[in-house]
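Asks: next come a sequence and a model predicted from it.
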Amino acid sequence: MKQLPQGIIIRRFLHSDLSQIKSLTCEKFRCPDFTGENIAELFYSGREYSLALVRKNKLLGFLIAEKIENMQEEQVLNIRWFFINPPLQGKNLEREMLLHLLEKKKNFKILVDIDEENAKMIKLFKNQGFEKKSGKIRLALDTKKTITGNENVQ
């Protein structure tokens, strides 16, 4: 858990937070695979690692990631959904959540797909060392080694 100013806390996402997702994201978060079925499947698979941004138990944002097994037996975490309530966007909370994730998952290769039109999020991830890895905007950071431009990220 990490305490931020104004009583905001970054902590592990709890199953009880799931009930607040719909009201938080309704009409604000457009992502084709962001469905109740996909979220439930991930949470009950044992592969999720997620963070919640809360104030007085009210969900203000979330970062939901999935642990992926790969052929190199590396530990890989794919950020599936990252959302901050729009009135709070641009107040450094996105950065705080990303830094908290990087601190907690130091030995993971971390992947994220970002819509190429989302310049703010691309800048946020690139500022933390993530690099473009394919034609689609896929940014990656291997916290155990430096990634070269020649590696393929799957």
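Replies: Arrived safely, thanks for sending. Numbering: from 1, shown residues only.
Asks: state the mean pLDDT of the single longest helix found in the chain.
Replies: Longest helix of the chain, by residue count under DSSP state H: helix 93-104. Average pLDDT, helix 93-104: 96.
Asks: please apply the same query to stretch 118-136.
Replies: On average, the pLDDT along stretch 118-136 is 85.
Asks: now it: buried residues?
Replies: For stretch 118-136, the neighbour count (16 or more other CB atoms under 10 Å) marks 121, 122, 124, 125, 130, 131, 132, 133 as buried. C-beta here means a position set from N, CA and C on the backbone, and glycine is covered the same way.
Asks: for these, name the two members farthest from one another.
Replies: Farthest apart among those by CB to CB are 124 and 133. That separation is 16.6 Å.
Asks: spatially nearest residue to residue 106 (excluding sequence neighbours)?
Replies: residue 143 (5.0 Å; CB to CB, 6 or more residues apart in numbering).
Asks: I'd say the one you found and residue 103 touch.
Replies: No: under the criterion of CB atoms under 8 Å, residue 143 makes no contact with residue 103, lying 9.8 Å away.
Asks: just want to know which of those two has more residues nearby.
Replies: residue 143 (16 against 10; other CB atoms under 10 Å).
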